[in-house]
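**Q** quick one: sequence and predicted model below, then my questions.
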Amino acid sequence: MPMSLSLILNAFPMDSPFYLFMHIPKTAGTTFRSIVDKQYGFPNVLTYYNQNSTQLLDNLEATLQVGSHDYRALIGHFQYGVHAPLTRPSKYITFLRNPVERAISSYHENVKIMSPAVRDGNGELMSFGECLREREEFFANQQTKMISGKGSMEPVDASDLERAQKNIQKDFMFIGISEYFDASILLLSRLIHWRPCTYGKLNARSNKGRLDGQELFNLQKINHFDAILYKNALDDLLRDMRGAGKKFDAALAELAQSTSVAAVTGTQAAHALSDDHFAIKSFIGFAEN
């Protein structure tokens, strides 16, 4: 898994690589995207969502070398490997989520947009159980697939999990956990010198309905490799949280309060914190000029 935070901070003290924010679907990526835009400015963040071609990815190196924008990052639904043609240093950052919950959330999101992925040959909406029987690969090990560089409908095996783990060790600076989103943002902000901000939760919804026992068993079975990848990343994050000390605990409590206020007021897009958020600024190491 990625290096510990202390080692990373020494390895990347001030140099800022080009960040590749891999947005695995249904892992709080929409909220994270608003934070990235706030940090770097919307014009300086390239996005790859729902494109009809891979032109942006194919020409990423040329785009970074030509043009007037100070491009700092790429964010979107892309797989590992987009860094290969880049001549400037780059690092991946992503979030993982409990694979069962991620798959269920993916089903409901696709129902919402009436995606072909959840419709049968006659165009009728399928139940989740039917989708698992008819479109198993669409709900199986998607996190392992993206990090190993495989397509969403390709099957994976133990060698792909090993490849994903090696890719993480080599090219990922940080992996957050969706269920610990606020904690992940704090640790990441300190790591890459982000200015402190708060945010509302975007595109978040509770999963509807329940799976029967067999469906749940099947979903767990087909996401076996994702479960291993997720557990390793979660263990690493919890270790870093425990080692971050009392400043982190105070900052986390302060951020939780701030995001709760954002939820009540309906504030969604990320925005700068007010001057009285001392715990967060102290933990991140941010000082006003």
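**A** Great, that's in hand.
**Q** do a quick rundown of the helices in the stretch 101-250 of the chain.
**A** Counting by DSSP state H, counting those that start in this stretch, the stretch 101-250 of the chain has helices at residues 128-134, 142-148, 158-171, 181-192, 213-222, 224-243, 245-265.
**Q** what lies in contact with the last one?
**A** The list of residues contacting helix 245-265 from outside it, by C-beta atoms under 8 Å, 6 or more residues apart in numbering, reads 182-183, 185-187, 198-201, 241, 267-268, 273, 277-280, 282-284. For the C-beta atoms, the positions are set from N, CA and C on the backbone; glycine is no exception.
**Q** for the second one, same thing?
**A** Outside of helix 142-148, the residues that reach it under the criterion C-beta under 8 Å, 6+ apart are 22, 24-25, 27, 78-80, 94, 96-97, 99, 102-103, 106, 150-152, 154, 156, 160-161, 163-164, 167-168, 172, 225-226, 229-230.
**Q** only the buried subset of the residues you listed, as a ChimeraX command please.
**A** Buried subset of these, written as a ChimeraX selection, criterion 16 or more other C-beta atoms under 10 Å:
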select :22,24,25,27,78,79,80,94,96,97,99,102,103,106,150,152,156,160,161,163,164,167,168,172,225,226,229,230
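**Q** where in the chain is pLDDT low?
**A** Residues of the chain that meet the criterion pLDDT under 70 lie in 1-15, 67, 202-210, 263-269, 272-276, 287-289.
**Q** so L56 lies in a helix, does it not?
**A** Yes - judged by DSSP: H, G, I helix; E, B strand; the rest coil, L56 forms part of a helix.
**Q** doesn't N50 make contact with it?
**A** No - using C-beta atoms under 8 Å, L56 is not in contact with N50; the gap is 11.6 Å.
**Q** more crowded one of these two?
**A** Using other C-beta atoms under 10 Å, the more surrounded residue of L56 and N50 is L56, with 16 against 7.
**Q** can you tell me, leaving aside adjacent residues, what's nearest to the more buried one?
**A** Y48 (5.6 Å; C-beta to C-beta, 6 or more residues apart in numbering).
**Q** that neighbour: neighbour count?
**A** The burial count for Y48: 19, using other C-beta under 10 Å.
**Q** from Y40, how far off is it?
**A** 15 Å (C-beta to C-beta, to the nearest Å).
**Q** one more: H69?
**A** 10 Å.
**Q** so if I had to pick from the two, which one is more boxed in?
**A** Y40 (18 against 13).
**Q** for R72, see how far away that one is.
**A** From Y40 to R72 the distance is 4 Å (C-beta to C-beta).
**Q** sec struct for the closest residue in space to L20 that isn't next to it in sequence, please.
**A** Nearest residue to L20, sequence neighbours excluded (C-beta to C-beta, 6+ apart): Y92, at 4.7 Å. Put simply, Y92 is strand when judged by three-state DSSP.
**Q** what's the local residue count around Y92?
**A** Other residues close to Y92 by other C-beta under 10 Å number 24.
**Q** hang on, isn't it packed against G81?
**A** No - Y92 lies out of contact with G81 (C-beta under 8 Å); the separation is 10.1 Å.
**Q** and the residue of the chain most remote from its centre, backbone torsions?
**A** In the chain, the residue that sits farthest from the middle, by C-alpha atoms, centre = their mean, is N122; the gap is 34.2 Å. Note on N122: backbone dihedrals following degrees, to the nearest 10 are phi -90, psi 0.
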